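Asker: Got a sequence here, can you model it:
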Amino acid sequence: MLNMIRLLYLALLGAAIGGFWWLAPPETGSTSSLISAGIILSLMAYGPLLVMLPTIIFASNRMLIWLCIVLLFYFCAFAVQLLDPSPVREIAILRVALIVALFITCAIQIRRHRPQPTEPTID
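Answerer: Numbers count the residues shown, from 1 in each chain. I've put the predicted structure just below:
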C-alpha cells in the first residue's frame with residue numbers, strides 16, 4: 001500500500017508540475033530569467049505538495065492525515081480547472097483522478113494502521 005501511495009504522489013507531482021510547464025512554457029526574452037521565473041512559480045504553486053515529501057518516506061498516520069488535508073485544497077483548485085477549455089481540462093482530469101486515488105489510498109492506509117483502543121481498567 002505504501003508503494004502505491006509513493007507512486008501516486010510522484011505521478012501527481014509530475015502531472016502538476018509538468019502540466020504547469022506544458023501549459024505555460026517560457027515564451028520570449030532571456031531564457032534563463034524565464035526558466036527561473038517558471039521555477040519560482042512552480043515552487044509557489046506546488047510548494048505545499050513538495051513539503052509533504054517526507055510523508056511518503058516515513059508514512060506515519062499523522063503525516064498521511066496532513067497530506068489528505070493538503071490534497072483537499074488541490075482538489076478544489078483542480079476541480080475548478082475542469083470547467084476550462086480543452087488543453088487545461090484534460091490535464092485537470094488527470095490531476096483530479098490522481099488526487100482522488102491518492103486520497104483514497106491514504107485513507108485506507110490510515111485506517112489499516114490506526115492504533116487500537118485500550119480497554120479502560122478499573123482499579
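
Asker: Please pull out the lowest mean pLDDT helix or strand from the chain.
Answerer: Scoring the helices and strands of the chain by mean pLDDT, DSSP states H and E places helix 31-51 at the bottom, with a mean of 80.

Asker: Can you tell me which helices and strands that one packs against?
Answerer: helix 2-23, helix 61-81 (3 or more CB pairs under 8 Å, 6 or more residues apart in numbering; DSSP states H and E). Quick note: C-beta positions are derived from backbone N, CA and C, even for glycine.

Asker: and those, which one is worst for confidence?
Answerer: In terms of mean pLDDT, the lowest-scoring of the helices and strands packed on helix 31-51 is helix 2-23 (a mean of 87).

Asker: Just the C-alphas of that helix, formatted as CSV.
Answerer: The C-alpha coordinates for helix 2-23 follow below in CSV (Å, rounded to 0.1, in the frame of the first residue of the first chain):
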residue,chain,number,x,y,z
LEU,A,2,2.9,2.4,0.8
ASN,A,3,4.4,1.8,-2.6
MET,A,4,1.1,2.7,-4.2
ILE,A,5,1.0,6.0,-2.1
ARG,A,6,4.5,6.8,-3.3
LEU,A,7,3.7,6.0,-6.9
LEU,A,8,0.6,8.1,-6.9
TYR,A,9,2.3,11.0,-5.1
LEU,A,10,5.1,11.1,-7.6
ALA,A,11,2.7,10.8,-10.5
LEU,A,12,0.6,13.7,-9.1
LEU,A,13,3.8,15.9,-8.7
GLY,A,14,4.8,15.0,-12.3
ALA,A,15,1.3,15.8,-13.7
ALA,A,16,1.0,19.0,-11.7
ILE,A,17,4.4,20.5,-12.4
GLY,A,18,4.7,19.0,-15.9
GLY,A,19,1.3,20.3,-16.8
PHE,A,20,2.3,23.7,-15.4
TRP,A,21,5.3,23.9,-17.8
TRP,A,22,3.4,22.4,-20.7
LEU,A,23,0.5,24.8,-20.5
